[in-house]
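Chemist: have a look at this prediction, sequence included:
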Amino acid sequence: MTAKPSIAADQPGTPREAVERLAQLPKTPTGIHGLDEVTGGGLPRGRPTLVCGPAGCGKTLLAMEFLVRGIVEFDEPGVFVTFEESADDLIANVASLGFDLRRYEADGHLVIDHVSVVGGMMDETGDWDLDGLFLRLGAAIDEVGAKRVVLDTIETLFGAFSDTATLRSELRRLFGWLKDRGVTAVITGERGDGTLTRHGIEEYVSDCVIVLDHRVTEQTSTRRLRILKYRGSLHGTNEYPFLIGESGISVLPVTSPGLRNTVSSQRVSTGVARLDAMLGGGGFYRGSTVLVSGTAGTGKSTLAAQFCNAACSRGERAMYFAFEESQAEILRNMASVGIDLGQWVDAGLLQFQCFRPSLLGLEAHLFAVQKFVTDFDPTVVVKDPVSDLMRVGTVADVSAMLARQVDFLKAKGVTSLFTSLSTFGDPAHAGEQVASLVDTWLVVKTMEGNGEHNRILSVLKSRGMAHSNQIREFLLTGQGIELADVYVGPQGVLTGSARQAQEAKERSDGAAWQEDLEQRRVNLERRRESVEAEVADLWREFENEADIVGRLLSHGSTGVEDRAGQRAEQGRLRRADPDESASIVRMSDIQIGGK
Amino acid sequence: MNATVRSDRPITGAEELWYLRLYVAGQSPRSLHALANLKRLCEEHLAGHYEIEVIDLIESPSLARGDDILAIPTLVRRLPEPLRRIIGDLSNTERVLVGLRLLPEPRQ
């Protein structure tokens, strides 16, 4: 059997006309969470729908919820014909879901008719028909004015009648009769060997077939629902996980319809001022999804706690899903780094949900989280750590579940922070799988060096903000988280004591340089003084000489005249040339004065 | 056509009373046929100690729930106990007698 999701291809007219035609197909909303979304509005109105699957898959419950929602939400009375369970059992079984069948019966909205065929094969002594059932059903429908009818599970009749040819033709007549009555019917059937139902009644119910399944993978069971066919209507063709929760069935579409979340440009603080700065100032976008991945003991939970702390400080509500620690442990551990979460718990702003993910299946987990979040209505949600969910299902299942979770939280405008324990070198890991779903991905890891491990943090990605590309050292102090610059030098990135040593070294190097400078300045000053003293000495010497020379000069002019006179006298005495002798004397005088 | 059909002979009380109920739907040929067959059988085998109550489910459909009636016609042996139920138009006499335990079950 193949699904016929569209009739546009084999009918004339434009696609728009085809869509309009489809839209006109009357549907009866089931009121079951998610099922109307998957079926595009509900089951075909006034026609029978077959719901089939193996034992324990939730057929009876789905059928019952269809009736109850009809009564409660759509004012459509119903008739439930049960061929297996007694009415009392049925009433008791669904009471836990808050379905008070006795009240609906008393109010005249519901008829439960138990058709017992436990007597085994009936002796057939000639021709017969199922008019008894028709009349009984007709009377019940008339009694409450039923619009919805459930036959659960009509195939049981094959155990009561040996003349199956007659039974088959009577069943065919029954389904036709139900259509004529205009009731929307749900007929359940147990899955057979290679057929949808044990006795092939899908042959007679061809308008809409819903298949339920109940699979166990790795000790975890998941219920799934699929619309096998829906004549004349578009419908989702996937297998949709569904849950039987405290208030009935929830079908969970795999993806949110069209990713039409409203986005906020408002920022929410991470609780660490320096980290806010790294994210371009202000922190995460409200309603965004944050992944903090890192190896063991890197402070992921502390980061998450500080995030919650910041939210509660602003007066917002935060919800902390812890899969590894109890509330008491978290409160104690966070108090040791100066984060007092206890005050917020007391103030009703912070709620812890601590459970092992393996306690529930994946779907139940998703459902539980949705329920808690819907009930508490927080603005901030922490899941610590999502990697624990890996133990619950396969990578594909966990990724799909987280995708739905992210969609749900985004749709509610909740800022969520998931932590993930990463074991490097393992690509098939939830942390890495979820990385494409999240808006901001912070990585914390430890660096080994100098005989110690130090934590470092970096922003691997952050959609829509100018985030820092720097590695920061991540310190857990008595006042919470602090981020410090790492030392990047010729020896690479230094953290911890190496960074401190480097900083100290830099500081001491600076001091020495200052000292050196001062020394040089003093030396220079001294040199200047000595130079100045020397210059002064030279000047003094010069001046002395100049003085002597000056005096000599003044004395020398008279002497020359004397000596010239003497020489002239001598010349005259020796009869020498007067000019020559005069010049010789003058030359010698000058030589003496120059020294 | 709800009715009570009694034996042509008066009930003496000497023999165990058979109390039978036949569920039918209106005056359909199958229903009339069944009633005729039943009456003939009772006269043959239970004369003087039987009583048949005919219930027409078209007239009183709510009575169908009491004896858990699905098929029409259905014959219910109310007395003697235990309660037995056979369906069909009672045209196969041997099967009716076996069903009512007026004949032993045939050896398989």
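Modeler: Nice, thanks for sending it over.

Chemist: hey, let's count contacts and neighbours off CA atoms from now on
Modeler: Will do.

Chemist: so what secondary structure elements neighbour the longest helix anywhere in chain A?
Modeler: Of all the elements of type helix in chain A, the one with the most residues (DSSP state H) is helix A:496-574. With contacts defined as 3 or more C-alpha pairs under 8 Å, 6 or more residues apart in numbering or on different chains; DSSP states H and E, the secondary structure elements packing on helix A:496-574 are strand A:452-462, helix A:578-594.

Chemist: weakest of the ones you listed by average pLDDT?
Modeler: Per-stretch averages of pLDDT across the helices and strands packed on helix A:496-574 put helix A:578-594 at the bottom, with a mean of 50.

Chemist: could you pull out the strands for the stretch 201-350 of chain A?
Modeler: Residue ranges of the strands in the stretch 201-350 of chain A, as given by DSSP state E, counting those that start in this stretch, are A:208-217, A:220-230, A:239-245, A:248-251, A:267-268, A:284-285, A:289-294, A:318-322, A:350-354.

Chemist: contact partners for whatever residue of the stretch 351-500 of chain A ends up closest to chain B?
Modeler: Nearest residue of the stretch 351-500 of chain A to chain B, counting by C-alpha to the nearest C-alpha: A:Ala364, 39.7 Å away. Going by C-alpha atoms under 8 Å, 6 or more residues apart in numbering or on different chains, A:Ala364 touches A:243, A:245.

Chemist: what strands line up against the worst-scoring helix or strand of chain B on mean pLDDT, and which way round?
Modeler: Every helix and strand of chain B was ranked by mean pLDDT, DSSP states H and E. The lowest is strand B:3-6, at a mean of 76. Each strand that strand B:3-6 pairs with, and the sense of that pairing, follows from DSSP bridges: strand B:50-56 (antiparallel).

Chemist: what does the next helix or strand after the strand it pairs with rub up against?
Modeler: Beyond strand B:50-56 on the C-terminal side, the first helix or strand identified by DSSP states H and E is strand B:74-79. Judged by C-alpha under 8 Å, 6+ apart, the contacts made with strand B:74-79 from elsewhere in the structure are B:17-24, B:67, B:83-88, B:100.

Chemist: low-confidence ranges in chain B?
Modeler: B:1, B:7-14, B:104-108 (pLDDT under 70).

Chemist: looking at it, which helix is longest?
Modeler: For chain B, the helix reaching the highest residue count under DSSP H is reported as helix B:29-45.

Chemist: near chain A, which residues of chain B are found?
Modeler: By C-alpha under 8 Å from any C-alpha of the partner chain, the residues of chain B that approach chain A are B:25, B:30, B:57-58, B:61-62, B:64-65, B:68-73, B:85-93, B:95-96, B:99.

Chemist: which of those residues are buried?
Modeler: B:25, B:30, B:57-58, B:61-62, B:64-65, B:68-73, B:85-91, B:93, B:95-96, B:99 (16 or more other C-alpha atoms under 10 Å in any protein chain shown).

Chemist: any idea of the angle the longest helix of chain A forms with strand A:452-462?
Modeler: Using axes from the mean of the first three to the mean of the last three C-alpha atoms, to 10 degrees, the interaxial angle of helix A:496-574 with respect to strand A:452-462 works out to 100 degrees.

Chemist: avg pLDDT for helix A:496-574?
Modeler: Within the predicted structure, the mean pLDDT of helix A:496-574 is 83.

Chemist: could you check how far it is from the centre of its chain?
Modeler: The chain centre lies 80 Å from the centre of helix A:496-574; the measure is C-alpha atoms, centre = their mean, to the nearest Å.

Chemist: and the strands of the stretch 201-350 of chain A as TSV, adding mean neighbour count and distance to chain B?
Modeler: Shown next, in TSV, are the strands of the stretch 201-350 of chain A (neighbours: other C-alpha atoms under 10 Å in any protein chain shown; distance: least, C-alpha to the nearest C-alpha, whole Å):
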stretch	mean neighbour count	distance to chain B
strand A:208-217	20	26
strand A:220-230	21	30
strand A:239-245	21	32
strand A:248-251	21	29
strand A:267-268	18	65
strand A:284-285	26	64
strand A:289-294	26	58
strand A:318-322	24	52
strand A:350-354	19	50
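
Chemist: is it possible to get TSV of the ones you listed that adds distance to A:Ala484 and mean pLDDT?
Modeler: Rendered in TSV, the data for the strands of the stretch 201-350 of chain A read as follows (distance: least, C-alpha to C-alpha, whole Å; pLDDT from 0 to 100):
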stretch	distance to A:Ala484	mean pLDDT
strand A:208-217	46	84
strand A:220-230	44	81
strand A:239-245	46	78
strand A:248-251	47	78
strand A:267-268	21	88
strand A:284-285	20	89
strand A:289-294	18	87
strand A:318-322	27	92
strand A:350-354	29	89
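
Chemist: what sits against A:Glu85?
Modeler: The contact partners of A:Glu85, taken as C-alpha under 8 Å, 6+ apart, are A:His114.

Chemist: helix or strand: which one has it?
Modeler: In this structure, A:Glu85 sits in neither a helix nor a strand according to DSSP H and E.

Chemist: next one: phi and psi at it?
Modeler: Taking degrees, to the nearest 10, you get phi -80, psi 150 for the backbone angles of A:Glu85.

Chemist: what's the distance between it and A:Ser116?
Modeler: Taking C-alpha to C-alpha, to the nearest Å as the measure, A:Glu85 falls 9 Å from A:Ser116.

Chemist: can you check B:Gln27 too?
Modeler: B:Gln27 sits at a distance of 27 Å from A:Ser116 (criterion: C-alpha to C-alpha).

Chemist: what does A:Ala546 give?
Modeler: Between A:Ala546 and A:Ser116 the distance is 148 Å, computed by C-alpha to C-alpha.

Chemist: so between those two, which is more surrounded?
Modeler: Using other C-alpha atoms under 10 Å in any protein chain shown as the criterion, A:Ala546 and A:Ser116 rank with A:Ser116 on top: 20 against 14.

Chemist: OK, contacts around A:Leu61?
Modeler: Residues in contact with A:Leu61, defined by C-alpha under 8 Å, 6+ apart, are A:94, A:248-249.

Chemist: which element is it on?
Modeler: helix A:59-74.

Chemist: counting contacts, what elements does the following helix or strand past that helix pack onto?
Modeler: The C-terminal neighbour of helix A:59-74 among helices and strands, as given by DSSP H and E, is strand A:78-82. Packing partners of strand A:78-82 (3+ C-alpha pairs under 8 Å, 6+ apart): helix A:59-74, strand A:110-114, helix A:131-144, strand A:148-152.
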